[in-house]
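**Q** kindly generate the corresponding structure for this input.
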Amino acid sequence: MTRNPPRLAFLYPLLAMAIWAGNVIVSRRAAHTIGPEAITFYRLLLATLLMSLFVARPAWRNRAVIFAHLGQFFVLGFLAMCLFQCLSYLAAETTSATNMAVFTALTPLLTAAFGAALLGERPTVGILGGGLLSLLGLIWLVSEGAPLAILRNGIHLGDGLMFLAALAYALYGVLLKRWSLPVSSWQSTYLQALCALIIMFPALLATPPEQRALNAATLPLIAYAGGLASVLLPYFWVRGIALLGPARAAIFINLLPVMTALAAIVFLGEPVRSWHLIGGGAALAGVIAAQLLRQPLGKQPRETGQTA
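**A** Here you go, the predicted model:
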C-alpha cells in the first residue's frame with residue numbers, strides 16, 4: 001500500500017514553477033545576448049560551485065553509492081539540465097513564447113504516458129481530465145482568447161524543438177521516480193549538475209567567442225539561471241517527484257504560463273484581460289483536479305484465489 005504524501009508536499013513543485021516562471025523571462029532575454037550552449041554551461045558551473053559549499057563533503061562520504069549509479073546521474077543530468085535547457089534556448093530563436101508555452105504544457109500528459117509505459121502506472125481520472133482541462137486553458141491563455149490564431153501562425157522549427165524538450169523532461173521525471181536513487185535530494189541535484197557540466201564543456205568550446213562572452217548584460221542572467229533556476233528549482237522538483245510521483249508533480253507545469261502572465265501583470269504593469277481569468281482559471285482547476293481525483297482509469301482487476 002502506498003502512503004499518502006505529506007499535506008504540504010504540493011509546495012515543492014509549486015515553488016519550482018514560481019522560480020521557473022522567472023527563468024522564462026531570463027531565457028527570452030538570453031536568446032539575444034548569449035549562446036544557448038554558453039549560458040547552459042555557465043549556469044551549471046555556478047550551480048555546482050554553490051552546491052559544493054554544502055553538498056560536496058556529504059557526497060564524497062557517500063561516493064561508493066554514488067559511483068554505483070553514476071551512469072544514471074549522467075542520463076538524468078543530460079535530459080533535464082543539458083537537452084531540455086539547450087532545446088528551450090534554441091526554440092526561443094525560431095518560435096514565439098506563445099507556442100513554447102503550449103508545447104511545454106504537453107509535459108504532464110507525456111509524463112502520464114511514459115509513466116504507464118515504464119512504471120506500469122495507470123493514469124488517474126484527475127491526471128488525464130485535469131491535464132486536458134489545463135492544456136485547453138493554457139491554449140486559451142497564451143492565444144489571448146483566440147485559439148485558432150496559433151494554427152494560423154503555422155509550425156516553426158522551434159515548435160518541433162519544444163516538443164522534443166517536453167519529451168525529454170517528461171522522460172526525466174519518470175526515470176527519476178523509477179530509479180529512486182538512494183541519495184538525498186540535494187546530492188541527486190548536485191550529481192546531475194556535475195554530470196551535465198561535463199557534458200556541456202565540449203559544447204562551450206565549440207561556441208563562437210562572441211556568443212560566450214561574460215559582460216554586464218549576461219552576468220545577471222547567469223546569476224539567476226545558475227542560482228535559483230539551477231539549484232533551488234531542481235531540488236524542489238526532485239522532492240516533489242519523490243513525494244507526489246512524476247504524473248502528479250508534472251501537472252504543476254501547467255501553472256508555468258499562468259505564473260509568467262501573473263508576473264507580467266504585477267511587475268510589468270500589464271492589464272488583466274478576460275483570457276487571463278478564463279485560461280488561468282481553467283489551468284488552475286486542472287491542477288487541483290489532478291491532485292484530488294485519484295481514481296485510476298478503467299476497472300480494477302478482480303483478485304482471484306489460488307487453486308490447489
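**Q** contacts, neighbours, all on C-alpha from now
**A** OK.
**Q** could you measure from residue 90 over to residue 157?
**A** For residue 90, the distance to residue 157 under the criterion Cα to Cα, to the nearest Å works out to 9 Å.
**Q** who's more crowded, the two?
**A** Set side by side, residue 90 and residue 157 show unequal neighbour counts under other Cα atoms under 10 Å, the larger going to residue 90 at 19 against 12.
**Q** wait, the more buried one touches residue 38, no?
**A** No - Residue 90 is not in contact with residue 38 according to Cα atoms under 8 Å; the separation is 11.9 Å.
**Q** kindly export the helix or strand hosting residue 91 (C-alpha atoms) in CSV.
**A** When elements are defined using DSSP states H and E, residue 91 is found to belong to helix 84-94. Below are the C-alpha coordinates for helix 84-94, written out as CSV (Å, rounded to 0.1, in the frame of the first residue of the first chain):
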residue,chain,number,x,y,z
PHE,A,84,15.9,20.4,-22.1
GLN,A,85,17.7,23.7,-21.5
CYS,A,86,19.5,23.8,-24.8
LEU,A,87,16.4,22.9,-26.8
SER,A,88,14.4,25.6,-25.0
TYR,A,89,17.0,28.3,-25.7
LEU,A,90,17.3,27.2,-29.3
ALA,A,91,13.5,27.2,-29.7
ALA,A,92,13.3,30.7,-28.4
GLU,A,93,15.2,31.9,-31.5
THR,A,94,12.7,30.5,-34.0
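**Q** contacts for that helix next, please.
**A** Identification of contacts with helix 84-94 by Cα atoms under 8 Å, 6 or more residues apart in numbering yields 27-28, 30-31, 36-37, 40, 100, 156-159, 161-162, 164-166, 168-169.
**Q** distance from the chain centre to that helix, please.
**A** On the basis of Cα atoms, centre = their mean, to the nearest Å, the separation between the geometric centre of helix 84-94 and that of its chain is 14 Å.
**Q** what's the answer for stretch 54-71, then?
**A** The answer for stretch 54-71 is 24 Å, by Cα atoms, centre = their mean.
**Q** related to what we said a few turns ago, let's see which of the contacts of helix 84-94 end up in helices.
**A** The members of the contacts of helix 84-94 that map onto helices under DSSP state H are 27-28, 30, 36-37, 40, 100, 157-159, 161-162, 164-166, 168-169.
**Q** which PyMOL command selects the buried ones in these?
**A** If you want just the buried ones from these in PyMOL, going by 16 or more other Cα atoms under 10 Å, the selection is:
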select buried, resi 27+28+30+36+37+40+100+158+159+161+162+164+165+166+168+169
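**Q** in contact with residue 51, which residues?
**A** Applying Cα under 8 Å, 6+ apart as the definition, the contact partners of residue 51 turn out to be 190, 231.
**Q** again, only using 6 Å
**A** Residues near residue 51 by Cα atoms under 6 Å, 6 or more residues apart in numbering: none.
**Q** okay, and it sits in which element?
**A** Following DSSP H and E, one finds residue 51 within helix 36-61.
**Q** next one: residue 137
**A** With DSSP H and E as the criterion, the answer for residue 137 is helix 125-142.
**Q** what is the mean pLDDT for that helix?
**A** Helix 125-142 shows a mean pLDDT of 76.
**Q** for it, name the packing helices and strands.
**A** Contact analysis of helix 125-142 by 3 or more Cα pairs under 6 Å, 6 or more residues apart in numbering; DSSP states H and E lists helix 274-292 as its packing neighbours.
**Q** just want the angle from the helix it packs on to helix 125-142.
**A** Compare the direction of helix 274-292 with that of helix 125-142 by axes from the mean of the first three to the mean of the last three Cα atoms, to 10 degrees and you get 170 degrees.
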